[in-house]
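K.L.:
Just a sequence and a predicted model for now, questions to come.
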Amino acid sequence: MPDFPFERLRRRPDVEATNLFAVDASDRLILDEAAAGLATAGVGEVVVLEDHYGALTLAAAAQLTARLGAQPEVRVYQDALSGEHALDHNAADLASSVPDLARLTGAYRHVPLGAELFTGARLVLLQLPRSLAALDELAGTIARFAAPDVTVVAGGRIKHMTVAMNEVLRRHFGELHVTPARQKSRVLIITQPTVSDSTDQAGPAWPRTVEHPDLGLTVCAHGAAFAGTTIDIGTRYLLEFLDRMKPDAVTAVDLGCGTGVLAAALAQRRPGLQLVASDQSAAAVASALATMSANGVMDRVRVLRDDALSAQPDASAELILLNPPFHIGSSVHAGIALKLFEDAARVLRPGGELWTVWNTHLGYRPALTRIVGPTHQVGRNTKFTVTVSTRR
């Protein structure tokens, strides 16, 4: 799609850096392979999944709008809230600065994963997630609700694609065609959804649920939730320190909550505490809600989808727990952790505590001291360090 101004797209509000990009070769390849479908698709027949920063949605919407002479009603699902915001920012910028794209902001809408997203869909453009569980949930939902003649054009960077992805897709579709590679990217063309009567009657397969008797916790997880129904080893280590975390606190935040393990465990341990569990991932939020319900703490934990803590007032929490990611997409980058530290510092009250677990080699202590306040180590094992930072 050579005429679309891909070079104008940006990542904001996600981290921006010289080695991080808003568009890659897989976006262009997906759009090229979907060209025939876009040339015939009608209003409301195109769905875009896991668009990183808007390249797929906006280029497809621009082509459809020009051909149809009307708003194409492209439906979009992005797990990351930062991706939704980047798409909206890019659409607004292009609509205001490129006359031919003036109608972009009304050409698409964000829709949660489910029947509304896929009903009547005949063409789905998908940036392949790296998680097989996430792919399984997406593929199963497409097959269950999209039109019988739906075509899925799914692509990604070859270094992140595996044969196991093909196996997952074949659970839900009868035909899969692998296209030639281009610029280290590849596309899969998938058709013929297969949904048995027994599968339809059984209801959704997600979230999955696993009990952890050693911790007295039940964990629920949708496909794209980090660590699934397991408890990652960093979180498990931080759980050992719950009783030491600001004993007089009455408000707390589980920042980047994932499936909600830390929030659920803290709520069980300290009944007088009111908690917020926050994550930008739609799958994480849905998982955390299910986890709170399964552990009987829904009345004391409010689960929010938020970009860091943007919805929380300044100086509003006494205790924040954080197991920060150390990568952005496929790139190892400290930017996301620093962003979370800065928001934690803003939301903590003076004297409030930020408890953080991090891979020791990342050396976050100087940054925590600079951004939040005095930081000291309270635990260290062969892989992780746990620190507590006190807000000045």
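P.N.:
Alright, I've got the coordinates. Numbering: from 1, shown residues only.
K.L.:
going forward, measure contacts and count neighbours with C-alpha atoms only.
P.N.:
Will do.
K.L.:
Just say helix, strand or coil for T356.
P.N.:
The assignment at T356 comes out as strand when based on DSSP: H, G, I helix; E, B strand; the rest coil.
K.L.:
so where is the protein shaky, pLDDT-wise?
P.N.:
Low-confidence segments of the chain, defined by pLDDT under 70, span residues 1-2, 196-204, 326-334.
K.L.:
now do 50
P.N.:
Under the criterion of pLDDT under 50, the regions of the chain flagged as low confidence span 198, 201, 327-333.
K.L.:
domains of it?
P.N.:
Under automatic domain parsing, the residue ranges defining each domain of the chain are 6-201, 208-390.
K.L.:
I'd like those domains written out as CSV, with mean neighbour count added.
P.N.:
Formatted as CSV, the entries for these read as follows, by neighbours: other CA atoms under 10 Å:
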stretch, mean neighbour count
domain 6-201, 19
domain 208-390, 19
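K.L.:
CA-only coordinates of the helix or strand hosting L338 in CSV, if you can.
P.N.:
For L338, the enclosing helix or strand under DSSP states H and E is helix 335-347. The C-alpha trace of helix 335-347 is given here as CSV (Å, rounded to 0.1, in the frame of the first residue of the first chain):
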residue,chain,number,x,y,z
GLY,A,335,11.6,2.7,29.1
ILE,A,336,8.5,1.0,30.3
ALA,A,337,9.8,0.4,33.8
LEU,A,338,10.9,4.0,34.1
LYS,A,339,7.5,5.1,33.1
LEU,A,340,5.9,2.9,35.8
PHE,A,341,8.3,4.2,38.4
GLU,A,342,7.4,7.8,37.5
ASP,A,343,3.7,7.2,37.8
ALA,A,344,4.2,5.3,41.1
ALA,A,345,6.1,8.3,42.4
ARG,A,346,3.3,10.7,41.4
VAL,A,347,0.5,8.5,43.0
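K.L.:
What is that helix packed up against?
P.N.:
Using 3 or more CA pairs under 8 Å, 6 or more residues apart in numbering; DSSP states H and E as the contact criterion, the secondary-structure elements in contact with helix 335-347 are helix 365-371.
K.L.:
Show me the contact partners of the helix it packs on.
P.N.:
338, 341-342, 345, 374-376, 387, 389 (CA atoms under 8 Å, 6 or more residues apart in numbering).
K.L.:
and with 10 Å instead?
P.N.:
337-339, 341-346, 354, 356, 358, 372-377, 385-392 (CA atoms under 10 Å, 6 or more residues apart in numbering).
K.L.:
Check which element follows the top helix by length along the chain along the chain.
P.N.:
Ranked by residue count under DSSP state H, the longest helix found in the chain is helix 81-97. Towards the C-terminus, the helix or strand next in line after helix 81-97, according to DSSP H and E, is strand 108-110.
K.L.:
Quick one: the helices in the stretch 151-300 of the chain, in order.
P.N.:
Counting by DSSP state H, counting those that start in this stretch, one finds helices in the stretch 151-300 of the chain at the ranges 163-170, 197-202, 233-239, 261-269, 282-294.
K.L.:
Give me the angle between the last one and helix 81-97.
P.N.:
Translated: helix 282-294. Here helix 282-294 runs at 140 degrees with respect to helix 81-97, directions being taken by axes from the mean of the first three to the mean of the last three CA atoms, to 10 degrees.
K.L.:
Who are the contact partners of C257?
P.N.:
Applying CA under 10 Å, 6+ apart to C257 gives the contacts 225-226, 263-264, 276-281, 284-285, 287-288, 303-305, 321-324.
K.L.:
please redo it, this time with the cut-off set to 6 Å
P.N.:
277-279 (CA atoms under 6 Å, 6 or more residues apart in numbering).
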